[in-house]
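A.B. asks: my questions are about this predicted structure, shown below with the sequence.
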Amino acid sequence: MKKIQQLLPSPTVQMIIATIAGIIFGLFLGDYAANIKFIGDIFIRLIQMSIVILVMTSVISSLGDLANRREDNKFGLKMGASTFQWIIFFTVIAASLGAILASIVRPGDNMQATTGVNEADVSYMGFQETLRNFVPTNIIESMAEADMIPVIVFSVLFGVGLNIFLKKNKSTLAFDLIKEVNEVVLNVIQIIMKIAPIGVFCLLADVVGATGPQVMISMLQYLGLLLAGTVILLLFMALFVATRCKLNPMLMPKKFLEMSIVALTTTSSAVSFPIALRDCVKKFGVDRDVANFTMSIGMTMGSAGAAMNYVVMIFFMQQSAEVELSALNIIIGMSLSILLTLGTITVPGSAAIVATFLATSLGLPLESISLLVGVDWFAGMFRTIVNVNNDVFVSLMVANRLDSIDRDVYNKV
């Protein structure tokens, strides 16, 4: 078995091959490609089967785990509060930019022939009714129907209750059980993702067969939008931070170059972390204690690039379904996207998981997910470069507040 696995290309290469093959297959066979769509549907169903338990156990264990954490007095409340303030600030800016660009470019319009969903088929609820339905009367029913917002509300309340219980009692049986279930579900999803290339091939072949060559327009618009958003967001961050910290913005590109190349080529914040941490201290002049704290928090929670990408996913699916989400639902979708990036909900690094979660939460169809999954490696390049650079910007903002920037180091060419 190990020899067979060694002969296979990496999962990323498999996904790229599946995407290209699916497009070619769909273009040549046209409507006939719909005959293999059921295989892709099984792949999506396997994800849907696991996602409710994954979300519940992730939220509950994250909130319950707060009882086991100890605040490090060395850094103090001021540093912690400032770090979270700027992480949230940049994440909200990124999500908002994604919404604006997706509304202008509308990359999902060329996918409309694939969904068969009309705006008339979608019922809208009033503001009060929508908010009331956030609170479940029967959590089992909400789980069975994959009604994600009530599931999250219940999970948050359960997690808070578990946190209080752990502070008052020595027994961690319930907490340990939930953590273990979460790990088991993550293992299940890892198994499911091994067949992701097959699922993507079948789904994308069906989409391309029904839509034709214009699907390539949607693909390029989607990636072009993310590229434009990445450039705009990084320029905004650089100018904003340079102005607030009274730093020369012209020196930033060279200082960011090495970590950005690593982020772009590896699409991994974890791999980029050691270089980003080193440069944050050696090139930007941030105090080491401040950098150690803010960069570590940022690696797990500072995902502005992901927030922008997730919001664009929502608009892509909404546009491909030819429906208009209400302002409240758009706000909910953006909030869920931000929540995903802040580490409250732990998901494997997969567009299939995130897109399925967002679509299920907002009642959007799943037909366009195949394209999102197929180009996710390229989208990951843009996400990662923003995430890594964002961590340094947050560190600079916190260090500036604490007067912990060595400006001689920063100004050194």
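C.D. replies: The structure has been received and is ready for your questions.
A.B. asks: quick one: the most centrally placed residue in the chain from Ile338, how far?
C.D. replies: The residue lying closest to the centre of the chain (CA atoms, centre = their mean) is Ala306, at 4.2 Å. Distance, Ala306 to Ile338, using CB to CB, to the nearest Å: 9 Å. For glycine as for every other residue, the C-beta is placed from the backbone atoms N, C-alpha and C.
A.B. asks: same thing with Leu371?
C.D. replies: According to CB to CB, Leu371 stands 24 Å off from Ile338.
A.B. asks: which one of those two has more residues nearby?
C.D. replies: Neighbour totals were compared for Leu371 and Ile338, and Leu371 leads with 32 against 21 (other CB atoms under 10 Å).
A.B. asks: that one: which element?
C.D. replies: helix 369-374 (DSSP states H and E).
A.B. asks: same question for Thr83.
C.D. replies: Assessed by DSSP H and E, Thr83 sits inside helix 76-105.
A.B. asks: how much space between the residue lying closest to Cys245 once chain neighbours are set aside and Lys283?
C.D. replies: Closest residue to Cys245 apart from its sequence neighbours, by CB to CB, 6 or more residues apart in numbering: Asn400 at 4.2 Å. Using CB to CB, Asn400 is found at 16 Å from Lys283.
A.B. asks: for this protein, which segments are assigned as strands?
C.D. replies: For the chain, strands defined by DSSP state E do not occur.
A.B. asks: for it, which spans come out with low pLDDT?
C.D. replies: Flagging of the chain using pLDDT under 70 yields the residue ranges 1-10, 12, 65-77, 111-130, 211, 266, 343-350, 413.
A.B. asks: looking at it, which residue lies furthest from center?
C.D. replies: Seen from the C-alpha centroid of the chain, the residue lying at the greatest distance (CA atoms, centre = their mean) is Asp408, 36.7 Å away.
A.B. asks: enumerate every residue touching that residue.
C.D. replies: By CB atoms under 8 Å, 6 or more residues apart in numbering, the residues touching Asp408 are Gly285.
A.B. asks: Arg244 and Asp147, how far apart?
C.D. replies: 42 Å.
A.B. asks: brain fart, Lys246
C.D. replies: Separation of Lys246 from Asp147 (CB to CB) stands at 49 Å.
A.B. asks: my guess is the residue nearest to the centre of the chain meets Leu339, correct?
C.D. replies: No: here Ala306 lies out of contact with Leu339, judged by CB atoms under 8 Å, at a distance of 11.3 Å.
A.B. asks: tell me how far the spatially closest residue to Val156 that is not a sequence neighbour lies from Leu340.
C.D. replies: Distances taken as CB to CB, 6+ apart place Val59 nearest to Val156, at 6.1 Å, with adjacent residues excluded. Val59 sits 11 Å away from Leu340, taking CB to CB as the criterion.
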